[in-house]
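Visitor: predicted structure and sequence below. I'll ask about it afterward.
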Amino acid sequence: MKKKRRRCNGSSDRVDEIRQALWHVQTLSNCTTSTLNLILQYLQPFLKGCEHVKKLKMARVRARKQSRFKRCLNGCVGCNDHVFGPTSRDETCPKCGHPRFDAKGKPHEVCWFFPLREQIRSLMQIPHFRESLMYEKVHRRLRRCLADNFMCDIFDSPRWQEFAGPPGNDLIRIVLHGCVDGCPMFDREQVESAKPLQYFFGNLPPWLRYKLRYMLVHALIPAELKGQSAKKYYDWFGTEMTDLFRNGVDGVRIMLYGTTLDTPGRRELLNM
């Protein structure tokens, strides 16, 4: 019995390496944990000393980790004019008195919220990322070699120059551009879709600006919410954007440049 335990303990490092390798595969391919377990099953004859690892625990290899920035919001379905914040303990709406939870204790409406302040503060602590946010000064130096009547980037547009102003020697403002569109969740069309509210950093170089890994997710709104049902959440998100514009993050003002929407999305947003 002791020999068997010693053999398992001796291979624990190897097991961790296998888990890390499979987690990396899941990150790159976006596959499910069931796929990883199937791969592990066919690799069993080649894993000497790790034959006891028959199935990986889902919590160890799951690529989509729960974000530490994620918060849950509950909207009132009675008046559609109130949102219960992440720290709210109210069980009834203060405006209409409608209950927040149903008979089973579950909220009538759920919307996922990812606070921008914590995300931006964490990113600004990365020296390389903060340096990339100053690319506008590099672009202006390269711009001197070009004719003034050419617009090569977002920095050259009259709207940017009027709205954002010239860059400083240090990082003084971050300009975000938003987008909302519906998409199926989990890459499966039969599952209910959602509308992510995302932003890209206008300060970044164009070869980084539009990559998903450099974008921010502000909220995940259920697709069935339309009109006033969705508007109360946008109003709630707007309070954070207003605070970021007025007070900034560690001395850096956060500005919203504009939004990009398709025709149905623009119609829906304008109707709000």
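Guide: In hand now; what should we look at?
Visitor: drop to CA atoms for contacts and neighbour counts, all remaining ones
Guide: OK.
Visitor: quick one: contacts of the helix or strand where residue 258 lies?
Guide: In the assignment (DSSP states H and E), residue 258 maps to strand 253-260. For strand 253-260, the external contacting residues (C-alpha atoms under 8 Å, 6 or more residues apart in numbering) are 160, 163-164, 172-180, 241, 244-248.
Visitor: narrow the residues you listed to those in helices?
Guide: Those of these mapping onto helices are 160, 163, 241, 244, 245, 246, 247, per DSSP state H.
Visitor: give me the buried entries from the residues you listed.
Guide: 241, 244, 245 (16 or more other C-alpha atoms under 10 Å).
Visitor: go through the ones in helices among the contacts of strand 253-260 and name the one nearest residue 138.
Guide: Minimum distance to residue 138 across the ones in helices among the contacts of strand 253-260 is 16.1 Å, recorded for residue 160 (C-alpha to C-alpha).
Visitor: domain ranges for this protein?
Guide: Split into domains by automatic domain parsing, the chain comes to 2-61, 74-113, 114-271.
Visitor: now those domains as TSV including mean pLDDT?
Guide: TSV is the format used below for these (pLDDT from 0 to 100):
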stretch	mean pLDDT
domain 2-61	63
domain 74-113	91
domain 114-271	86
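Visitor: now do the SS call for the spatially most central residue of the chain.
Guide: Central residue of the chain (C-alpha atoms, centre = their mean): residue 217, 2.9 Å from the mean position. What DSSP: H, G, I helix; E, B strand; the rest coil gives for residue 217 is strand.
Visitor: residues in contact with it?
Guide: 114, 196, 197, 198, 199.
Visitor: how about residue 163?
Guide: Neighbours of residue 163 in contact, by C-alpha under 8 Å, 6+ apart: residue 257.
Visitor: mind saving the C-alpha coords of stretch 89-104 as PDB?
Guide: The C-alpha trace of stretch 89-104 is given here as PDB (Å, rounded to 0.1, in the frame of the first residue of the first chain):
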ATOM      1  CA  ARG A  89     -29.500  43.300  -0.300                       C
ATOM      2  CA  ASP A  90     -32.900  44.700  -1.100                       C
ATOM      3  CA  GLU A  91     -35.500  42.100  -1.900                       C
ATOM      4  CA  THR A  92     -38.100  44.500  -3.300                       C
ATOM      5  CA  CYS A  93     -37.900  47.400  -5.700                       C
ATOM      6  CA  PRO A  94     -37.800  50.700  -3.900                       C
ATOM      7  CA  LYS A  95     -39.700  52.300  -6.800                       C
ATOM      8  CA  CYS A  96     -42.600  49.900  -7.300                       C
ATOM      9  CA  GLY A  97     -42.300  47.300  -4.600                       C
ATOM     10  CA  HIS A  98     -42.000  44.400  -7.000                       C
ATOM     11  CA  PRO A  99     -40.100  41.400  -5.500                       C
ATOM     12  CA  ARG A 100     -36.600  40.900  -6.700                       C
ATOM     13  CA  PHE A 101     -36.800  37.000  -6.500                       C
ATOM     14  CA  ASP A 102     -39.300  34.500  -7.700                       C
ATOM     15  CA  ALA A 103     -41.000  31.800  -5.600                       C
ATOM     16  CA  LYS A 104     -37.900  29.600  -5.900                       C
END
